[in-house]
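Asker: Have a look at this prediction, sequence included:
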Amino acid sequence: MKNLLMAKGAKTLVDICTKVKSQENVLIVTDFDKLTIAESIAAASIDRGAETMISIMQPRDRAGQEPPSPIAAAMTKADVIFIPVSFSITHTNAVKNAAASNARIIVMTDFTEEMMIRGGITADFEQLKPTCKAVADSFTKGSKLKLTSPGGTDLEMKINGRKGNALYCIVEPGEFSTVPTVEANVSPLENTANGTIVCDASIPYLGIGIIESPIKFNVENGFITGIEGGRQAEILRDNLESFHDNNVFNIAEVGVGLNPNCIMCGIMLEDEGVISTCHIGIGTSITLGGNVKTAIHYDLIMWQPKILIDNTLVLNGPKVFV
């Protein structure tokens, strides 16, 4: 029965997010755990007359791991790519190269059948597009970003010369977007972020999910230098230290959630889009405009952010001022 209910979400992905056309080459990159979602998208794509292929790989061991080389090569030949997978391959060279080859890419990390039916995917993406683009434009035009939150975040960074990215679930050639999160983000200049991050909403990786008690991160010259908190902080700290690479502590992204239909549930692409939240991405930044490639990209999500660009208020909780 869920297959029937998922058809509406598949229609949104094919008709609104990517506008699949007859005879286009559509590639669905998935793994064995997400095959029902891939098949639902394939059915809608075939119905539009597209040449539709499903490439199935073993689930990756962790977020940020490259897909197998034959799949990466196929991605550079596709017009449209959907990526329902268990662990993110968003911040990989495979996605970066596919975008450079003019593919229209929709990322669906850790997607569930339920997410195809309700939640963020039911939003009006066309209606949300102007606000998302306006916030991203403010990032592009800015030089200095200051982020604070009632939970205790107080972080500053330089963003001059970096392009703001508007991810509103609708893609043109050469673009990728996550779904169903609607977000505007920017990658700060390396080595410029300083201050404190307090994550009090979610870290949707490593089984951490919804935050039990706030986690505090000290940031110096673009890198996390300390992590304080309880059980969940320890899980994250142990994982990051296991890579023996300081770049996993890199401040890679500031992203703002703008989808009023997203639900805080411990799943990345729902949590990141929740309105009145902001996330700090750490680790890899190459797909966002930065220069760092490392083993992971994790997001630290907080409630009720306040963002100033060059001392001008851009965002305060759910309110956007651009």
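Answerer: Structure's in. What do you need? Residues are numbered from 1 along each chain as shown.

Asker: Just list whatever residues bridge to the residue nearest to the spatial centre of the chain.
Answerer: Centroid check for the chain by Cα atoms, centre = their mean gives Thr178 as the closest residue, at 5.4 Å. Thr178 has these beta-bridge partners by DSSP bridges: Val107.

Asker: State the distance from it to Met264.
Answerer: Remark: distance between Thr178 and Met264 (Cβ to Cβ, to the nearest Å) = 16 Å. C-beta: built from backbone N, CA, C; applies to glycine.

Asker: With Met6 instead?
Answerer: When distance is defined by Cβ to Cβ, Met6 is 22 Å away from Met264.

Asker: Over to Leu5?
Answerer: From Leu5 across to Met264, the span is 22 Å (Cβ to Cβ).

Asker: Give me the more crowded residue out of those two.
Answerer: Met264 (21 against 14; other Cβ atoms under 10 Å).

Asker: What's the local residue count around the residue nearest to that one when sequence neighbours are not counted?
Answerer: The spatially closest residue to Met264, leaving aside those adjacent along the chain, is Val274, at 5.1 Å (Cβ to Cβ, 6 or more residues apart in numbering). Using other Cβ under 10 Å, Val274 is surrounded by 26 other residues.

Asker: Please list all residues in contact with Val274.
Answerer: By Cβ atoms under 8 Å, 6 or more residues apart in numbering, the residues touching Val274 are 201, 257, 259, 262-264, 301.

Asker: next one: Lys158
Answerer: Counting by Cβ under 8 Å, 6+ apart, Lys158 makes contact with 143-145, 188-189, 192.

Asker: distance of it from Gln304?
Answerer: Taking Cβ to Cβ, one finds Lys158 at 24 Å from Gln304.

Asker: For burial, what's the neighbour tally of Pro67?
Answerer: Neighbours of Pro67 under the rule other Cβ under 10 Å: 22.

Asker: Pull the contacting residues for it.
Answerer: Neighbours of Pro67 in contact, by Cβ under 8 Å, 6+ apart: 29, 57, 60, 75, 89, 92, 94.

Asker: cool, and Ile83?
Answerer: 28-30, 89-90, 95, 105-109.

Asker: Which one (most neighbours) among those?
Answerer: For these, neighbours tallied by other Cβ under 10 Å; top is Val29, 30 neighbours.

Asker: I figured that one hits Val85, correct?
Answerer: Yes: with contacts counted by Cβ atoms under 8 Å, Val29 reaches Val85, the gap being 6.8 Å.

Asker: max-length helix in this structure?
Answerer: As assigned by DSSP state H, the longest helix anywhere in the chain is helix 125-141.

Asker: Low-confidence ranges, the stretch 51-200 of the chain, go.
Answerer: The stretch 51-200 of the chain contains no residues with pLDDT under 70.

Asker: can you pull out the helices in it?
Answerer: 69-75, 93-100, 125-141 (DSSP state H, counting those that start in this stretch).

Asker: where's Phe217, which helix or strand?
Answerer: When elements are assigned from DSSP states H and E, Phe217 belongs to strand 215-220.

Asker: Pull out the buried positions in that strand.
Answerer: 215-217, 219 (16 or more other Cβ atoms under 10 Å).

Asker: Stretch 156-165 too?
Answerer: 156-159, 162, 164-165.

Asker: Save those residues as CSV, and put in distance to Gln232 too.
Answerer: Formatted as CSV, the buried residues of stretch 156-165 follow (distance: Cβ to Cβ, whole Å):
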residue, distance to Gln232
Glu156, 26
Met157, 25
Lys158, 30
Ile159, 29
Arg162, 30
Gly164, 30
Asn165, 28
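
Asker: Specify which member of the residues you listed is nearest to Asp310.
Answerer: The shortest approach to Asp310 among these belongs to Ile159, at 9.5 Å (Cβ to Cβ).

Asker: In this structure that closest one contacts Lys141, no?
Answerer: No: in this structure, Ile159 is not within contact of Lys141 by Cβ under 8 Å, at 9.5 Å.

Asker: so what sits against both of those two?
Answerer: Ile309.

Asker: So Ile71 versus Thr30, what's the distance?
Answerer: For Ile71 relative to Thr30 (Cβ to Cβ), the value is 10 Å.

Asker: Repeat that for Gly151.
Answerer: Counting by Cβ to Cβ, the gap from Gly151 to Thr30 is 36 Å.

Asker: picking up where we left off before, including pLDDT, could the buried residues of strand 215-220 go into TSV?
Answerer: Formatted as TSV, these follow (pLDDT from 0 to 100):
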residue	pLDDT
Ile215	98
Lys216	98
Phe217	98
Val219	98
